[in-house]
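Q: For reference, the sequence and a predicted model appear below.
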Amino acid sequence: MTDFVLEIEGLHKSFGRNHVLRGVDLQLKAGSVTVLMGANGAGKSTLVKVISGFHSADGGQVLVSGKLFAPRDAAEAIAQGVVTVHQSIDDGVIPDLDVASNLMLDRLTEKGAGLFVQERQLRRQAKEIAQSMGIEVDVRARVSDLSVADRQMIAIARAMARTPKILILDEPTSSLSASEAERLFALVDRLRAQGVAILYISHRMSDIRRIADRIVCLRDGEISGVFEQEPLDLEAAVTAMLGHKMTDVDVVPVSGNKPVLGLDGLEIQEGCDPIDLSARQGEVIAITGLLGSGKSRLAEIIFGITPPHAGGMRLDGSGYKPRSVRDAISRGVFMSPKDRGTNAVIPAFDIANNMTLPFLGAFSRFSFLAGINQRRSTNEMIDQIGIVCQSSGDGIGTLSGGNQQKVMIGRWLLKASRVLLLDEPFQGVDIGARRDIGAHIRQTAGSRTTLVFMAEIDEALEIADRIIVMNEGSISGEHINANVDLGALVAQISGTTSGQVNAG
């Protein structure tokens, strides 16, 4: 009799010529948390979708409790005991319904449930489910009115209402602060004690240290390492995930020359320690930290979206207090925002119009858009950063996520800037696109200072000359990107110790 609830043997999956999964073997035990680590493009999402019934495998087999498992869709996977909570929280809940209806929805749609709902009984049963999982929330509240953390908990509770044998959590803390994440971990502890086999997809060090019983690494569609001996060797796991040590990077850090941007006693909000920082010309500075650390708010302050609570800024030695985004751009401060879907891409526009959007005035003459100059500049940028397309006239929606991200980065590289702010420039892109984008950012960095705001340590190490760590709205550490003390860096990010400032 096998000890494994889930057994995957020799799994293959391709999309056209793109061979995404290459003979994957994976096992999950009941009452155990297996963390699946993989860089962008490693195949994690495809593996999850095969297990969840969204994709069929091209080869290999999957067994659940020793029986062949080949679901035709997600509903069939759920019926056989495999439930997934996806990274997009609202995929697991219906925001416009109340908590009780969300928790009981699957029971309400079962055969024999009847046409009429007894509201009092519905709420009582929903409250029992919530209490059994340690969730304290008003079951009458509409889910859209809850915090991100509470919506995440409701999504997991709804999944558990289906009594799964296997629960897959895909980057469950990506939208949570440190304190909210701890609530999630307590819930995972409870589910593990109940005997659920959990596959937890993440490469956040703080998550893995807290929750993992074993680590499985995926690289280029293949299992590249399995770690289950206590204490878990996180550094070896990262090496297996990346194919090299995290600190083995090609960056030769430069110190820059004259100061471009200065932050003088800047407080991003009330109660935060003041920030003093000098960003120099030619430098690429990574500012890293967990969600809620304040890094995105700092970017918004520099770009004129949000005013600081206190303190001031300097740009090329003069006072800098942008009244608006337009004012910041006029001073040569550019920013590529985090969420390209809602903050950057214009779906109805083609590549050229998306890329040149902030600078249409520069491509216009007597109120008419000079299309030839616009297309020429766009085509040059397409070649420089390797955007895969037929022409600059292609619709932005025809591009892959990685190529859309290249367009958004290229937008802010079209014109010279003094300060370039990049908020999560590698979000949603594969490893190839990430390296293309990173290489071009560094190649063009000499005439400006570049601040890159990112949550992932490996991405920071790939691009930065200097790494600034933020925690609770303040700077908790600083490192020149050479022989970085990884343990100190992780501790500073998680806030477990103040660490030492290694370099200025």
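A: Alright, I've got the coordinates. Residues are numbered from 1 along each chain as shown.
Q: domains for the chain, by residue range?
A: According to automatic domain parsing, the chain comprises the domains 4-242, 248-332+417-504, 345-416.
Q: quick check: mean pLDDT across the second one?
A: When pLDDT is averaged over domain 248-332+417-504, the result is 86.
Q: can you redo the domains of the chain as TSV with distance to Lys338?
A: C-beta here means a position set from N, CA and C on the backbone, and glycine is covered the same way. Formatted as TSV, these follow (distance: least, C-beta to C-beta, whole Å):
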stretch	distance to Lys338
domain 4-242	12
domain 248-332+417-504	4
domain 345-416	10
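Q: Output those domains as TSV; include the columns mean neighbour count.
A: Shown next, in TSV, are the domains of the chain (neighbours: other C-beta atoms under 10 Å):
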stretch	mean neighbour count
domain 4-242	18
domain 248-332+417-504	19
domain 345-416	17
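Q: Whichever helix or strand Gly410 is part of - what's its average pLDDT?
A: Secondary structure assignment for Gly410, by DSSP states H and E: helix 401-411. Computed over helix 401-411, the mean pLDDT rounds to 81.
Q: And the following helix or strand past that helix, what does it pack against?
A: Next helix or strand after helix 401-411 toward the C-terminus (DSSP H and E): strand 419-423. In terms of contacts (3 or more C-beta pairs under 8 Å, 6 or more residues apart in numbering; DSSP states H and E), strand 419-423 is packed against helix 295-302, strand 333-336, strand 449-454.
Q: quick one: strands adjacent to the last one?
A: Paired with strand 449-454 in the same sheet, following DSSP bridges, are strand 284-288 (parallel), strand 419-423 (parallel).
Q: Minimum distance to Glu462: which of these has it?
A: In terms of C-beta to C-beta, the element of those nearest to Glu462 is strand 284-288, at 9.1 Å.
Q: still on that earlier bit, can you list the helices and strands packed on strand 419-423 in CSV and add distance to Gly311?
A: Below are the helices and strands packed on strand 419-423 laid out as CSV (distance: least, C-beta to C-beta, whole Å):
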stretch, distance to Gly311
helix 295-302, 9
strand 333-336, 17
strand 449-454, 17
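Q: Of these, give the one that comes closest to Glu230.
A: It's strand 449-454; of those, that one is closest to Glu230 (C-beta to C-beta) at 30.6 Å.
Q: If you count contacts, what does whichever helix or strand comes after that closest one end up packed against?
A: Per DSSP H and E, the first helix or strand lying C-terminal to strand 449-454 is helix 457-463. Under the contact definition 3+ C-beta pairs under 8 Å, 6+ apart, helix 457-463 sits against helix 234-242, strand 284-288, helix 431-443, strand 449-454, helix 486-494.
Q: any chance of the ones you listed in a markdown table, with distance to Val82 too?
A: Below are the helices and strands packed on helix 457-463 laid out as a markdown table (distance: least, C-beta to C-beta, whole Å):
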| stretch | distance to Val82 |
| --- | --- |
| helix 234-242 | 24 |
| strand 284-288 | 34 |
| helix 431-443 | 28 |
| strand 449-454 | 32 |
| helix 486-494 | 31 |
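Q: of all these, which lies closest to Asp58?
A: Comparing those under C-beta to C-beta, the one sitting nearest is helix 431-443, at 22.0 Å.
Q: tell me which residues form a beta bridge with the closest residue to Ala236 other than its chain neighbours?
A: With C-beta to C-beta, 6 or more residues apart in numbering as the criterion, Ala236 has its nearest non-adjacent residue at 6.5 Å, and that residue is Phe227. When assigned by DSSP bridges, Phe227 has beta-bridge partners Ile215.
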